[in-house]
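Trainee: Sequence plus the predicted model coming up.
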Amino acid sequence: MVFVKVMSRRFILVVQFICLTLFALGQKKDLSNTVEERIKQVEGNVPQGDYEIAGAPKQTILDRMKFHGVKGVSIAVINDYKVEWAKGYGWADSSEQRPVTPETFFLIVSISKSLNAMGILKLAQDNKIDINADINNYLTSWKFPYDSISKGKKITMAQLLSHSAGLTTTGGSDYQRGDTLPTIYDILDGKRPANSPAVRSEYEPGTRFQYSNNGSSIAMLTAMDITKKTYEDYIKETVLKPLGMNNTFFADIPPADLKQKFATGYNEDGTQLKGKYSILAQQAGGAAWSTPSEICKYIIEMQLSLKGKSNKILSIENVQKMVTPQIANSGLGVFVDSIGSEKYFQNGGGRRGFTSLYYGSFKDGKGVVIFVNSSNASIQKEIGYSVAMAYGWKDFYKPKTKTIIPMSVKELEEYEGEYVFSHEASVFIDHDGTGFYAAVSGQSWYNIFPEAKDKFFGQVKEVELEFVRSNHAVNKLIYKVDGRTEELKKRIALSDDELNEYVGEYVLNDTTKVLLSKDGNRIRATINEHTFYMFPEIKDNFFVLDTQAKVEFVRTNNIVNKLIYNINGEFHEFKRK
């Protein structure tokens with residue numbers, strides 16, 4: 001791996017000379033406060049996740065990149081309202097042996113939404129839009145088709161920018177280079193060549209948070225309809241140019257003359273994306289390319305505006321609107337985190353091959369921007385923690401210390417298996433002789449470690465797992481993640497022949513019957529056109545996740561001849577036909 005610094009050798013020598021001179025004069029100088037020492041602290045003391053393991057050795061950025069299978073990382077750090085340093089690590093393209101430099105362009109994905117929100121609020125500041133009025137008042141080339149789901153309520157721009165408009169979440173699918181790209185109208189109406197459904201209401205506007213790229217698409221079209229400009233031209237003139245962000249591009253395809261400066265995207269397994277990167281046709285939702293130092297210009301402008309020290313684009317009143325949560329912690333194009341006594345505005349995201357993250361403090365001009373050319377985002381948080389420690393960000397990183405206890409392979413095997421969230425998702429537990437792992441359906445495996453009998457924790461992914469036993473056998477998992485606690489039941493493994501013993505039709509009365517069929521390693525049940533899934537708990541005993549009902553099969557001469565359906569203490573006996 002390689003890295004490139006953005007600091008001239010001459011500058012470092014000057015700093016060293018000044019420090020030596022001050023020391024010679026008898027004046028105390030804490031070297032930990034110098035830029036070079038802070039860089040070393042950030043690089044050499046990277047936390048290995050949200051928990052600190054007692055006795056674990058310190059790790060470097062390069063160690064963590066290797067652990068996560070990350071090819072390249074780019075970082076810029078803000079201190080006292082200035083970019084204090086920026087560096088690149090690893091490869092922008094490993095096959096070309098092209099290193100990441102501070103000038104390497106990355107797909108910044110959902111950070112695009114922050115710049116988009118700034119552009120939309122400029123329209124509001126210029127009295128061209130009321131962010132609390134019906135969006136159809138401003139859309140002219142397309143209208144949002146309200147239906148009964150919105151319950152007569154109208155969608156506002158503030159709701160679009162804060163993910164509270166009640167829109168469908170599907171959308172923003174990736175396209176490949178060479179594909180025919182859809183127009184904004186194709187995307188909104190779900191017409192080919194768009195590869196996602198139409199954007200419509202999914203719930204009543206303003207009632208809850210639901211992340212959706214589609215809100216940014218409608219906001220983008222609104223700006224285009226009001227200004228009669230392409231979105232790329234509008235955002236460049238209104239946001240990028242005033243901030244001096246000359247190396248940020250809202251373009252489906254990066255400029256050809258700069259292709260050697262663009263990072264190649266990689267999957268979590270380290271394989272290169274087909275065509276080097278995917279294309280997101282929804283420009284405002286995540287299609288911008290930039291560098292960490294460029295995004296710092298936006299962060300610093302926000303910070304200075306909050307102090308009343310700058311208004312290159314927005315007044316202090318409108319910047320305050322951006323960082324005021326509308327619902328949950330979602331502001332307008334940003335999220336607001338209260339960490340200890342400090343507040344930060346932040347955003348980030350991920351697409352296939354790229355992830356991004358930034359934090360900016362409300363006070364004191366602190367911040368960090370981290371870009372990664374990998375689908376694995378875990379390293380971003382770790383580097384953020386390392387920056388926070390090196391720069392003394394109060395309470396930003398307060399890890400719990402965990403101690404790992406030894407456990408034999410035989411003991412670990414007791415926990416192996418599948419624990420069911422719903423008919424579509426499970427948590428899988430497995431080991432390979434060298435480590436113990438957990439994974440949610442469709443997601444990557446991560447290490448978990450025993451801290452006590454039946455209690456485990458995830459280091460990279462902040463999760464706690466507690467296994468519950470019945471008659472000494474593990475049958476449940478209490479899964480704690482992101483402040484939520486879920487109780488999951490363990491699914492036992494039945495063979496196809498064993499599952500087929502339950503297949504058939506069962507009758508309650510003349511009007512109610514249930515048809516059971518095998519669906520993978522579960523039973524699919526249909527009662528009067530209503531479908532649900534049953535999972536084996538022990539032989540002849542199944543559970544239904546959606547209703548928490550229990551199903552017991554009864555045998556005569558070892559042949560299943562009826563089932564007893566127990567829901568909330570009410571028992572219904574179905575006879576096999």
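Mentor: Received, thanks. Because the structure is predicted, anything quoted here is derived from the model rather than measured.
Trainee: Strands of the stretch 451-577 of the chain, start to end?
Mentor: For the stretch 451-577 of the chain, applying DSSP state E, counting those that start in this stretch gives strands covering 455-458, 463-470, 473-481, 484-491, 504-507, 513-519, 522-527, 530-538, 541-544, 549-556, 559-567, 570-576.
Trainee: of those strands, which approaches residue 248 most closely?
Mentor: Proximity to residue 248 (CB to CB) singles out strand 473-481 among those, at 34.2 Å. Using the backbone N, CA and C atoms, a C-beta is placed for each residue, glycine as well.
Trainee: quick one: strands adjacent to that closest one?
Mentor: The strands that strand 473-481 pairs with in its sheet are strand 463-470 (antiparallel), strand 484-491 (antiparallel) (by DSSP bridges).
Trainee: okay, those in TSV with mean neighbour count, mean pLDDT and distance to residue 309 next?
Mentor: Listed next are the strands paired with strand 473-481 as TSV, based on neighbours: other CB atoms under 10 Å; pLDDT from 0 to 100; distance: least, CB to CB, whole Å:
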stretch	mean neighbour count	mean pLDDT	distance to residue 309
strand 463-470	17	94	42
strand 484-491	16	88	40
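Trainee: Take these and write them to JSON lines, including distance to residue 300.
Mentor: JSON lines is the format used below for these (distance: least, CB to CB, whole Å):
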{"stretch": "strand 463-470", "distance to residue 300": "35"}
{"stretch": "strand 484-491", "distance to residue 300": "35"}
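Trainee: Please name whichever of these is nearest to residue 113.
Mentor: For those, proximity to residue 113 was assessed by CB to CB; strand 484-491 is nearest, at 24.5 Å.
Trainee: quick check: angle from that closest one to strand 530-538?
Mentor: 70 degrees (axes from the mean of the first three to the mean of the last three CA atoms, to 10 degrees).
Trainee: who's in contact with stretch 419-436?
Mentor: The contact list for stretch 419-436, computed with CB atoms under 8 Å, 6 or more residues apart in numbering, reads 409, 412-413, 415-418, 437-442, 445, 447-450, 456, 476-477, 479, 486, 488-491, 522, 532-533, 535, 545-546.
Trainee: Check residue 126 and give its pLDDT.
Mentor: As predicted, residue 126 sits at a pLDDT of 97.
Trainee: Now do it against residue 524, distance only.
Mentor: Residue 126 is 57 Å from residue 524, where distance means CB to CB, to the nearest Å.
Trainee: what about the two, which has more around it?
Mentor: Between residue 126 and residue 524, counting by other CB atoms under 10 Å, residue 524 is the more crowded of the two (16 against 10).
Trainee: Just the residues contacting the lengthiest strand in the chain, thanks.
Mentor: Of all the elements of type strand in the chain, the one with the most residues (DSSP state E) is strand 82-93. Here strand 82-93 makes contact (CB under 8 Å, 6+ apart) with 1-7, 35, 38-39, 61-62, 65, 70-78, 97-102, 104, 262-264, 276, 291-293, 296, 300, 365, 373.
Trainee: Please produce a ChimeraX select command covering the buried subset of those.
Mentor: Those of the contacts of strand 82-93 that count as buried under 16 or more other CB atoms under 10 Å are selected in ChimeraX with:
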select :1,3,7,38,39,61,62,65,70,71,72,73,74,75,76,77,78,98,99,100,101,102,104,262,263,264,276,291,292,293,296,300,365,373
